[in-house]
Structures are given as structure tokens and as C-alpha cells.
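J.: I would like to see how this sequence folds:
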Amino acid sequence: MKMRLWIALLMVGWFVTVHSEPSLTQTAPSQDASDKKQEALPTSDAELLPMREQVDTQIKDAQDALKAWTSILSRLQRSKSAVATIQQPDQEAFTRASTLLRNRDFKKAAAEIEGVAFTFQTLFDSACPTYSASSSSDMQSDASQLQSQCLRDVRVVEEKTLGAPNLAFLGPLYKTPSPTQNDISQDDITAASTALGAAKFQEIRKDLDSRLDKFILDATTQQQQTQSNLDALQKKHDKIAAQLAKSKTEINQLAIELGLPLFCATVLFMLCIPIVVQSFSRNQDSDKQIQAIFASGILVEIITVLLLTMTVLILGLAGKIQGEVLGTLLGGISGYVLNRVRGKSQAAADTPMSHEASSPTSTPATS
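T.: Residues are numbered from 1 along each chain as shown. Here you go, the predicted structure:
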């Protein structure tokens, strides 16, 4: 009675323990199951191999994109550093140009103005990220578009500055080897001192620096995103490779764990069959039959073929033998067995004929 009571109490306690905390036994596992479901990979090689090829292609594209973003980011940073090192033009050049103009030295006056304009042109050229032809062919579309946008923005500022109407005299002045009073005047020098002064230079450099900071930030963001995508793809590739290796290892291990015992059992079974037959047989000639079986060597041949076959299969599953060599070895073993069977059948068929040919024929008696 007491034993039944203790058993009833244990069953009630187990029931209360299991059903009193559903959040621990049901809710948490369901959340883990959902997480595992998102990260689950196919188990068959037929699905894993195409997936790995696709991931390899994505990794290559991501590596090319990362290389492109790293390259454009480096160029933008060099452009920003170059803009910061450009010295502002000499403001005394306008005073010297006015003096030379009054002395009717138009060529030197034009050279002073051209020197100031060249400093501005150098500022704009330094703000443009340059690239060689070999590297531009490797640029991805997004990185190339960002660089093209940067070039366009810099050229727009350049056109507004050096292409202003009050500096229209600079174009013909560059092409004139010996300028005259018709090519440059005091009004032109005054307009140039206003459009190309120190304040304007600082304003333009600040504008270019701000634009380059924006493009550098965009390139840095794209580089980080591409790196994160590449890391995720690499992890996925490693998981697929691990899954393929795991499935192969499981198959090989299962084949070895099942194959070796079955092979040993088969060998023992084949060795035991004649002994069992001899033990339970009531035929007086059973001993001679068993001795004939062992003397014929058929058991040794069968065991040897099984041993070779199992060894070849185990080496093939372990990856020590290539598929082509494995097929050749199995084909050779099969051919050997079939030739032996056919040879023995042919010999057995020829034996009675030889006996009939060698037996003497009886001649009828003559009276």
C-alpha cells in the first residue's frame, strides 16, 4: 500500500513539474527553433554544391567591389590632402599687373594675371580624384558613379569661377603669344582681382573641402557595408563547406561502421557454413565433402575478393583513392571473379567429354 502511494506521489510531482513551466519547455525552444530555421542549410549535396558556387561568385563580386571602394576612398583622401596644400595666389600680382600695364608691358601684365588663374586651376585639378586606365577598368559601377559625380561637382565650381563673364578675357589671352592693349585692360585686372582674390580662393577651397568630405563619407559607408557583406558571405561559405564535410564524414563513418562488422560477419558465416553442415549432417561422406570444399580454395578466393573489395571501398570513402581509380579497381575485381566463374564452368563442361573420348569402345564378338 505504501509503495503504491509513493508511486502515485511521484507521478503527480512529475506531472506538476512538467506542466507548471511552459515558458521554459515550450516558448524558449520555439524561439531557438525559429533562429535555427533561419540559419538552416540544406543537407543534400545536390543542393549544397550549387549554393556554394553561387556564394563563391558573390564573394568574388564583393571582393571586387571592396577593392573598388577602397581605391576610390584613397583617391578622395589624396585629393582632400592636395587641396589643403595649395597656397593661395599672390595678391600683389594684381598691383604688379597694373604697373606693367601702365608701362605698356602687356605681355608681363598678362603673365601676372595668368599666374593667379593657374593657381585656381591647380586647386580645381587637385580636387578631382584621378585614376589610371588599368584601375578604371576594375572599377565597379557604384564606385565609378560616385567618382564621376565628384568630378562633375568640381568642374561645375570651376566653370562658375574661371568661366565667369567678367573673366572672359582670359580665354583669348591664353592663346595670344604677344598680347596688346586690346587683349588686356585695367578693367580686366580689376575684375580679376575681385573674382580671383584671396577671399574668393578661401571660399572655393572651403567649398571643395566640404564636397570632398561628403564623398569620402559616402565611400567609407559603402566600403564598410561591402566589407560586412563580404564577411557574411565568407561565413556562409564556411558553413556550407562544413556541412558538405560533415555529410561526407557521416556517410563515410556510417559506411565504415556498418561495412566492417558486416564484412567480418560474412567471413565468419562463410567459414562456419561447412562446419555447421558437417555437424548436423548424417551423411557419411560429409567429411570428404567439407575437405573437398576447403581443398578447392573457393572459400579463400571468396574471402580474398571480399577483403579486397571492402579495402578498396574504405579507401575510396576515406578519400585516399580517386573516383576513376576506384572504378578501375572495382571493375578489375569484378572481371577477375567473372573470369574465374566462367573458367570453372567451361572446365566442368569439358571434363565429361574428355572422359567419353578416352573410354575404350567395345567390339562385338565374332563367332
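J.: quick one: mean pLDDT for stretch 53-63?
T.: Averaging pLDDT along stretch 53-63 yields 92.
J.: so what touches it?
T.: Defining contact as Cβ atoms under 8 Å, 6 or more residues apart in numbering, one finds that stretch 53-63 is touched by Thr226, Asn229, Leu230, Leu233, Gln234, Lys236, His237, Ile240. (C-beta placed from N, C-alpha, C; glycine too.)
J.: any idea which helix or strand carries the fifth one?
T.: When secondary structure is defined using DSSP states H and E, the element that contains Gln234 is helix 198-280.
J.: quick one: low-confidence residue ranges for this structure.
T.: Scanning the chain for pLDDT under 70 picks out 1-39, 131-140, 247-260, 263, 267, 270-271, 273-299, 317-320, 341-367.
J.: one step back: just among the contacts of stretch 53-63, which is most surrounded?
T.: For those, the largest number of neighbours (other Cβ atoms under 10 Å) sits with Thr226, at 23 neighbours.
J.: for that residue, what are its contacts?
T.: Residues near Thr226 by Cβ under 8 Å, 6+ apart: Ala62, Ala65, Leu66, Trp69.
J.: Asp213 versus that one, what's the distance?
T.: The spacing between Thr226 and Asp213, counted by Cβ to Cβ, to the nearest Å, is 20 Å.
J.: likewise for Ser148?
T.: Counting by Cβ to Cβ, the separation of Ser148 from Asp213 is 18 Å.
J.: likewise for Gln202?
T.: Gln202 sits 16 Å away from Asp213, going by Cβ to Cβ.
J.: check Gln225 too.
T.: For Gln225, the distance to Asp213 (Cβ to Cβ) stands at 19 Å.
J.: what are the buried residues along stretch 172-192?
T.: Residues of stretch 172-192 classed as buried: Leu173, Pro179, Asp183, Ile184, Asp188, Ile189, Ala191, Ala192 (neighbour count, 16 or more other Cβ atoms under 10 Å).
J.: first vs last residue of that stretch, how far apart are they?
T.: One end of stretch 172-192 to the other measures 15 Å (Cα to Cα, to the nearest Å).
J.: okay, and Lys67 sits in which element?
T.: Counting by DSSP H and E, the element that carries Lys67 is helix 45-85.
J.: dump the C-alpha coordinates for the following helix or strand past that helix into PDB.
T.: Sequence order places helix 92-102 as the next helix or strand after helix 45-85, per DSSP H and E. Provided in PDB are the C-alpha atoms of helix 92-102 (Å, rounded to 0.1, in the frame of the first residue of the first chain):
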ATOM      1  CA  GLU A  92      50.500  91.600 -55.200                       C
ATOM      2  CA  ALA A  93      50.200  90.100 -58.700                       C
ATOM      3  CA  PHE A  94      47.300  92.400 -59.400                       C
ATOM      4  CA  THR A  95      49.300  95.500 -58.300                       C
ATOM      5  CA  ARG A  96      52.300  94.500 -60.400                       C
ATOM      6  CA  ALA A  97      50.000  93.800 -63.400                       C
ATOM      7  CA  SER A  98      48.500  97.300 -63.100                       C
ATOM      8  CA  THR A  99      52.000  98.900 -63.000                       C
ATOM      9  CA  LEU A 100      53.200  96.800 -66.000                       C
ATOM     10  CA  LEU A 101      50.000  97.800 -67.900                       C
ATOM     11  CA  ARG A 102      50.800 101.500 -67.300                       C
END
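J.: which residues does Leu170 contact?
T.: So Leu170 contacts Ile113, Glu114, Ala117, Leu162, Ala192 (Cβ under 8 Å, 6+ apart).
J.: what of Gln88?
T.: By Cβ under 8 Å, 6+ apart, Gln88 lies in contact with Thr119, Ala198, Phe201, Gln202.
J.: same deal with Leu330?
T.: Leu330 sits in contact with Thr309, Val312, where contact means Cβ under 8 Å, 6+ apart.
J.: relative to Arg75, how far out is it?
T.: Computed with Cβ to Cβ, the distance linking Leu330 and Arg75 is 60 Å.
J.: coming back round to it: neighbour-wise, give me the winner out of the contacts of Thr226.
T.: Neighbour tally across those (other Cβ under 10 Å): the maximum, 25 neighbours, falls on Trp69.
J.: and the closest residue to that one other than its chain neighbours, how many neighbours does it have?
T.: In space, and not counting its chain neighbours, Trp69 is closest to Gln223: 4.1 Å by Cβ to Cβ, 6 or more residues apart in numbering. By other Cβ under 10 Å, 19 other residues sit near Gln223.
J.: so how far is Pro42 from Gln223?
T.: Computed as Cβ to Cβ, the Gln223 to Pro42 distance reads 32 Å.
J.: what about Gly163, neighbour count?
T.: Gly163, neighbours per other Cβ under 10 Å, totals 12.
J.: again with the one 3 residues further on
T.: Applying the criterion other Cβ under 10 Å, we find 13 residues in the vicinity of Asn166.
J.: contact partners for it?
T.: Going by Cβ under 8 Å, 6+ apart, the list of residues near Asn166 reads Ala191, Ala192, Thr194, Ala195.
J.: now these in CSV, with secondary structure and distance to Asn166?
T.: Below are the contacts of Asn166 laid out as CSV (DSSP: H, G, I helix; E, B strand; the rest coil; distance: Cβ to Cβ, whole Å):
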residue, secondary structure, distance to Asn166
Ala191, helix, 4
Ala192, helix, 8
Thr194, helix, 8
Ala195, helix, 6
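J.: now these as CSV including distance to Asn339?
T.: CSV is the format used below for the contacts of Asn166 (distance: Cβ to Cβ, whole Å):
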residue, distance to Asn339
Ala191, 106
Ala192, 104
Thr194, 106
Ala195, 101
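J.: identify the farthest-apart pair in those.
T.: Among the contacts of Asn166, the pair separated by the greatest distance (Cβ to Cβ) is Ala192 and Thr194, at 7.3 Å.
J.: which one (most neighbours) among the contacts of Gln88?
T.: When neighbours are counted by other Cβ under 10 Å, Phe201 leads these with 20 neighbours.
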